Structures are given as structure tokens and as C-alpha cells.
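Participant: quick one: sequence plus predicted model below, questions after.
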Amino acid sequence: MSPLANMDVRQKAKAAGVQLWRVSKHLGVPDSTMTRRLREELPEQEKARFYAAIETLSSEREGLLCD
């Protein structure tokens, strides 16, 4: 286990202002499961799902802030 595993996913979520527990909820997995998944480097296909969820949640967040 590396403390740097999936730092790209973590940094993208942080930069977008999206909490990881919200990503897990959006993906339909318990946050404890997501935390375990992030301990090991994810395959690119799985990262793509995380990135898409972060983008969606970020867009929703921006929409709420603009209203």
C-alpha cells in the first residue's frame, strides 16, 4: 500500500471542491468501500468512472452556487 496511491483522483476531487464521500454516494458504493479501493492504484477504467463522477458533482455544485 502506498500513501501516494490514486493521488490524481484525490487531488482532482479536492481541486473541484468535491468530497470523496459524495463521489462514493454518486457511484453507489459505501464510502468505506471507496476508501479501501483508493488504497491501491486503480485501473485506468475505474479512474475514469471516478473522474466522471467528480466532473458531474462539480458541475452540480457550480450550478447551485450560480443560482
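Facilitator: Cool, the structure landed. Residues are numbered from 1 along each chain as shown.
Participant: okay, CA-based contacts and neighbour counts for the rest of this
Facilitator: Noted.
Participant: please state the offset of the longest helix seen in the chain from the chain centre?
Facilitator: Identified as the longest helix of the chain according to DSSP state H is helix 44-66. Distance of helix 44-66 from the chain centroid (Cα atoms, centre = their mean, to the nearest Å) equals 8 Å.
Participant: who touches it?
Facilitator: Identification of contacts with helix 44-66 by Cα atoms under 8 Å, 6 or more residues apart in numbering yields V9, K12, A13, A16, G17, V18, R22, V23, H26, L27.
Participant: let's see it at 6 Å
Facilitator: Contact with helix 44-66 is made by A16, as judged by Cα atoms under 6 Å, 6 or more residues apart in numbering.
Participant: cool, stretch 16-29 as well?
Facilitator: Here stretch 16-29 makes contact (Cα under 6 Å, 6+ apart) with D31, S58.
Participant: straight-line length of it, end to end?
Facilitator: End-to-end distance of stretch 16-29: 20 Å, with Cα to Cα, to the nearest Å as the criterion.
Participant: could you do stretch 14-25 as well?
Facilitator: End-to-end distance for stretch 14-25: 16 Å, by Cα to Cα.
Participant: got any ranges where the protein has weak pLDDT?
Facilitator: 1-3, 62-67 (pLDDT under 70).
Participant: please consider this matter closed, and thank you.
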